[in-house]
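Enquirer: build me a model from this:
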Amino acid sequence: MSDQNAELVSRLLTALNRRDHVEMASCYHPDATFRDIAFDLKQKKQIHAMWHMISETDLRAAFRVLQVDNEHGTAEVVDDCTFSQTNRPVHNVIVSHFHFQDGLILEHRDDCDAHRWADMALGGILGFLVGRLRFLRSFQAHRLLQAFIAKHSEYQ
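Expert: Residues are numbered from 1 along each chain as shown. Next comes the predicted model:
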């Protein structure tokens with residue numbers, strides 16, 4: 001099973017680099033959850049919408065699977081992109097944690113340095129505040145995702 005889970009993580013992250021949100025969504029359990037420095041999503045449909053939104057950016061990703069067993073996995077992901085709201089370049093080093101069930105990802109948590117990310121993405125006092133206050137990151141991410149979902153009936 002751990003070989004299958006390693007392949008699943010590789011499939012997910014390869015699809016991220018190709019910006020293939022449909023393939024990414026196929027890696028998640030229907031009851032999956034996703035959490036990072038901004039998003040706290042429940043259910044595959046929300047996660048799919050997030051990846052679809054992200055796939056429309058200039059994201060480039062490199063990854064390596066660090067550890068995978070029958071229940072859990074960890075990967076390092078390095079994303080490079082332009083933050084669309086400011087046109088600032090972002091180089092984000094992420095540690096992704098996975099919990100598997102039924103051959104799919106049930107839980108996905110991405111950890112990175114929120115202070116560093118906000119400084120790159122926003123800079124100045126706004127970057128300082130956003131980097132330290134999760135509710136500001138979550139509010140903005142939720143607003144962007146809801147606007148995206150409103151334009152895409154398949155997620156409603």
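Enquirer: now name the helix or strand holding residue 78.
Expert: strand 72-83 (DSSP states H and E).
Enquirer: what packs against the very next helix or strand once past that strand?
Expert: Later in the chain than strand 72-83, the nearest helix or strand by DSSP H and E is strand 88-101. In terms of contacts (3 or more CB pairs under 8 Å, 6 or more residues apart in numbering; DSSP states H and E), strand 88-101 is packed against helix 2-18, strand 60-68, strand 72-83, strand 104-111, helix 114-121. For glycine as for every other residue, the C-beta is placed from the backbone atoms N, C-alpha and C.
Enquirer: with mean neighbour count and mean pLDDT added, can I get the ones you listed in JSON lines?
Expert: Output for those, formatted as JSON lines (neighbours: other CB atoms under 10 Å; pLDDT from 0 to 100):
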{"stretch": "helix 2-18", "mean neighbour count": "17", "mean pLDDT": "96"}
{"stretch": "strand 60-68", "mean neighbour count": "15", "mean pLDDT": "97"}
{"stretch": "strand 72-83", "mean neighbour count": "17", "mean pLDDT": "97"}
{"stretch": "strand 104-111", "mean neighbour count": "18", "mean pLDDT": "98"}
{"stretch": "helix 114-121", "mean neighbour count": "19", "mean pLDDT": "97"}
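Enquirer: tell me which of these sits nearest to residue 38.
Expert: helix 114-121 (8.5 Å; CB to CB).
Enquirer: give me the outermost residue of the protein relative to its centroid.
Expert: residue 125 (25.0 Å; CA atoms, centre = their mean).
Enquirer: how about the helix or strand encompassing it: buried residues?
Expert: Element membership of residue 125 [criterion: DSSP H and E] is helix 124-132. Neighbour-count burial for helix 124-132, counted by 16 or more other CB atoms under 10 Å, picks out 127, 130-131.
Enquirer: contacts for it?
Expert: Helix 124-132 is contacted from outside by 114-122, 136-137, 140, using CB atoms under 8 Å, 6 or more residues apart in numbering.
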